[in-house]
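Q: Next come a sequence and a model predicted from it.
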There are 2 protein chains.
Amino acid sequence: MREALLLGPGPSNVPASVLAALARPTIGHLDPEFLALMDGLQSGLRAVFRTANRLTIAVSGTGSAGMEALLTNLVEPRERILVCVNGVFGGRAAELCRRLGADAVELTFPWGRPVDPAAVGEALDRSAAKTLFFVHAETSTGALSDAAAIAAAGREHGALVVMDCVTSLGGLPVEIDAWGIDAAFSGTQKCLSVPPGLAPVTLGERALARMDARMAPLPSWYFDLGLVRRYWGPDRTYHHTAPVNMLYALAAALREIAGEGLPARFERHATAHAQLVAGLAALGLSLVPPEGARLPMLNCVRVPDRVDEAAVRAALHARHDIEIGAGLGELRGKVWRIGLMGENAREGVVRRFLAALSEELRRHAASRPA
Amino acid sequence: MREALLLGPGPSNVPASVLAALARPTIGHLDPEFLALMDGLQSGLRAVFRTANRLTIAVSGTGSAGMEALLTNLVEPRERILVCVNGVFGGRAAELCRRLGADAVELTFPWGRPVDPAAVGEALDRSAAKTLFFVHAETSTGALSDAAAIAAAGREHGALVVMDCVTSLGGLPVEIDAWGIDAAFSGTQKCLSVPPGLAPVTLGERALARMDARMAPLPSWYFDLGLVRRYWGPDRTYHHTAPVNMLYALAAALREIAGEGLPARFERHATAHAQLVAGLAALGLSLVPPEGARLPMLNCVRVPDRVDEAAVRAALHARHDIEIGAGLGELRGKVWRIGLMGENAREGVVRRFLAALSEELRRHAASRPA
């Protein structure tokens, strides 16, 4: 299989050390050595989430499983939840809440725009929702929202605050405790530089109290965090067989992140982003989100009018071994999504990409009928 | 980390070729090369499930996620389902069905005994259940049930037949089409010799028709097989990011299994089991399930009266690098569970284990007060 430079919305490239950890011999999911690894992994996750939350673990599924685990445990039928929607993933959360029988009120924003904290406050006034859901980093549009201000609005109104930080975790500051986030989830295949398959989650005391006070039966057994936490906690009660090798990989990646240090890692993402934006501007390309609300690790770029977006993507892949992402939803066919995540947030990577894109733009100028 | 011989209820040891596949560089989940790998993987799964079912895929979670994916999609609130319970995993299925709002009728059998097909027929007469659930190979007791006869009883009564073959798949004959099983799920960490983290599932036309006719909303998004199948099928519609590297590993393992051939593989499991049973008998040890209803790959052995079961397990691990399993539920403290799964169903492995057990039984004779 050919190796590619993964500059799409994830998965991103995985460092050799993490791949090596993935391939270590499997041991038992109740082996004391493995349980010690899980303890270290929980500490490592607390460090990247910037939280003291005891319940900070990796759910055995991809990022979407993290969303489902949190909402399934925290939302009851007929309860109102305010879901901020400024792209695909807010919409997915609202859909899941409806499936769970909740009264999901959507607060929508134009695609590419951040969630407006003032609008969230007003909507909470009107809706009296018990729970607030928002996406920190919208992977479908590249928009960054002000999580601290949104969470403050939520707490002011007494709402439990649930955050999607799938794309931001490990690439820009995520401050669970300082921002007052009650529960958050992420994925491993973005800025943590681990293959897809695990969903880091963290739940604070208010979220645990919500779980304890739940009246309706949980319509899931696999995602029952009340049971899952007994395996991750001191009891070690068997729930399901842990995905041993994927957890090796996550533990190794967290050690790498600790070695680099979060400030240096965030700086690296910011620098690579600035370099990319400057290079794109030189090619006459612009980003969808406004300045100040752009994700460093996921750049949503408008495709020039006369250029065939799919042809350029295919050529980047076929001729340069570079994968970038297509648009989703209402941005389909209109944008490219260029990820600079984890290992790929580096000057050399950006330079290689810009050279390839520049070449393909020349080859594909006027590739689409006017 | 120390390498151990994994002779518990799973995970079992993973061959070097599969670990090497696991560590291949991650590529995009929509990369044509990856999509081709997924196609091959589906063919490989159809071969081990012995089915022509189009919808034969790996769910992105452990074996328990396979159970949840099937029951969530196939069971509606207030519908009656007959759940055969002869160990932990039947009980888990009944609990999940209740959580899903279904009317779960439990048909119980003594632990260690197989499910009785005649009793299933009578219970279906009485209950008029729309769905029948049973476990082919009960990992908690080592009991093998007659899947063909149970499925026949189910179909005779017009019930949709759902089977748990987590422990049997790849180690003894599983005949989805010949037996008339409508839906089945498994896990990768038993006889397929892949690390835990994926759940192979297969659904036939009657199961798909049940999904299509469903009235109640699905209380899950992650496990919505109607959406998941559009990613695995020709549409390739994005649902969630596939666990790329785990799928590499499963594809590699399926190629190994195809190379060995299922008959040879089953023969290997049967031979290793016979060798183990003879060796245990020579040590004065007996199995919980009756002859004719014993799993070759999971041997549930009575602990002698005066022997401290936990001490022997710990000594096997500490002094011989061998992991075996403890009893679950009502067999806790009373049995050892000895797995000979996939790679470990080999004469040399059994010999090594019997030598170690024999030594530790001598050391631990009368280790427990009478």
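A: Yes, it's here. Residues are numbered from 1 along each chain as shown, chains lettered A, B, ... in the order given.

Q: Tell me how far A:Pro200 lies from B:Arg313.
A: From A:Pro200 over to B:Arg313 the distance is 32 Å, taken as Cβ to Cβ, to the nearest Å. Just so you know, the C-beta spots here come from the backbone N, C-alpha and C atoms, and that holds for glycine as well.

Q: more crowded one of the two?
A: Shown here are A:Pro200 and B:Arg313; by other Cβ atoms under 10 Å in any protein chain shown, A:Pro200 has more neighbours (29 against 20).

Q: so what's that one closest to, chain neighbours aside?
A: The shortest distance from A:Pro200 to any non-neighbouring residue, by Cβ to Cβ, 6 or more residues apart in numbering or on different chains, is to A:Ser186 (4.7 Å).

Q: before we move on, what about A:Ser60?
A: Nearest to A:Ser60 is A:Pro243, by Cβ to Cβ, 6+ apart, at 5.1 Å.

Q: correct me, but the one you found touches A:Ala199?
A: No. Here A:Pro243 lies out of contact with A:Ala199, judged by Cβ atoms under 8 Å, at a distance of 11.0 Å.

Q: which one of those two has more residues nearby?
A: It is A:Pro243, of A:Pro243 and A:Ala199, that has more neighbours when counted by other Cβ under 10 Å, with 28 against 25.

Q: which ones are touching the residue nearest to A:Ser60?
A: A:60, A:197-198, B:62, B:195-197, B:246 (Cβ atoms under 8 Å, 6 or more residues apart in numbering or on different chains).

Q: and which of those is nearest A:Ala93?
A: Nearest to A:Ala93 out of these is A:Leu198 (Cβ to Cβ; 19.3 Å).

Q: For the residue nearest to A:Pro200, give me its contacts.
A: Here A:Ser186 is in contact with A:63, A:66, A:165-166, A:168-170, A:192, A:199-201 (criterion: Cβ under 8 Å, 6+ apart).

Q: I'd like the list of those residues that fall within strands, please.
A: Counting by DSSP state E, the part of the contacts of A:Ser186 found in strands is A:199-201.

Q: For these, give me CSV that also has pLDDT and distance to B:Ile322.
A: Listed next are the ones in strands among the contacts of A:Ser186 as CSV, based on pLDDT from 0 to 100; distance: Cβ to Cβ, whole Å:
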residue, pLDDT, distance to B:Ile322
A:Ala199, 98, 33
A:Pro200, 98, 33
A:Val201, 98, 34
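
Q: pLDDT wise, what is the residue nearest to A:Pro200 at?
A: Note for A:Ser186: predicted pLDDT of 98.

Q: how close does it sit to chain B?
A: 12 Å (Cβ to the nearest Cβ, to the nearest Å).

Q: circling back: which among the ones in strands among the contacts of A:Ser186 gets closest to chain B?
A: A:Ala199 (9.7 Å; Cβ to the nearest Cβ).

Q: Return the distance of the closest one relative to A:Gln189.
A: For A:Ala199, the distance to A:Gln189 - Cβ to Cβ - is 10 Å.

Q: Now list whatever residues contact both of those two.
A: A:62-63.

Q: list the contacts for A:Gly90?
A: A:83-84, A:106, A:133-135, A:138, A:164.

Q: Just the closest of the residues you listed to B:Leu361, please.
A: A:Asp164 (53.9 Å).

Q: can you give me phi and psi for the nearest residue to that closest one once chain neighbours are set aside?
A: Counting by Cβ to Cβ, 6+ apart, A:Val135 is the residue found nearest to A:Asp164 once chain neighbours are left out, at 4.2 Å. Dihedral pair for A:Val135: phi -100, psi 120, per degrees, to the nearest 10.

Q: my guess is A:Val135 contacts A:Gly87, does it?
A: Yes. Under the criterion of Cβ under 8 Å, A:Val135 makes contact with A:Gly87 at 6.8 Å.

Q: Between the two, tell me which one has more neighbours.
A: Neighbours were counted for A:Val135 and for A:Gly87 using other Cβ under 10 Å; A:Val135 has more, 33 against 27.

Q: rewinding a little: between the contacts of A:Pro243, which sits nearest A:Asp235?
A: Closest to A:Asp235 out of those is A:Ser60 (17.7 Å), distances taken as Cβ to Cβ.

Q: dump the residue contacts of A:Gly329.
A: By Cβ under 8 Å, 6+ apart, the neighbours of A:Gly329 are A:87-88, A:91, A:111, A:140.

Q: ok, so what distance separates it from A:Arg337?
A: 12 Å.

Q: my read: A:Leu340 touches A:Arg294, true?
A: No. At 11.7 Å, A:Leu340 does not count as touching A:Arg294 under the criterion of Cβ under 8 Å.

Q: got the residues of the stretch 1-150 of chain A near chain B?
A: A:1-4, A:6, A:8, A:10-14, A:19-20, A:22-29, A:31, A:33, A:37, A:60-65, A:67-68, A:72, A:92, A:95-96, A:98-101 (Cβ under 8 Å from any Cβ of the partner chain).

Q: Which members of those are positioned in helices?
A: Judged by DSSP state H, helices contain the following of the residues of the stretch 1-150 of chain A next to chain B: A:19-20, A:22, A:33, A:37, A:63-65, A:67-68, A:72, A:92, A:95-96, A:98-99.
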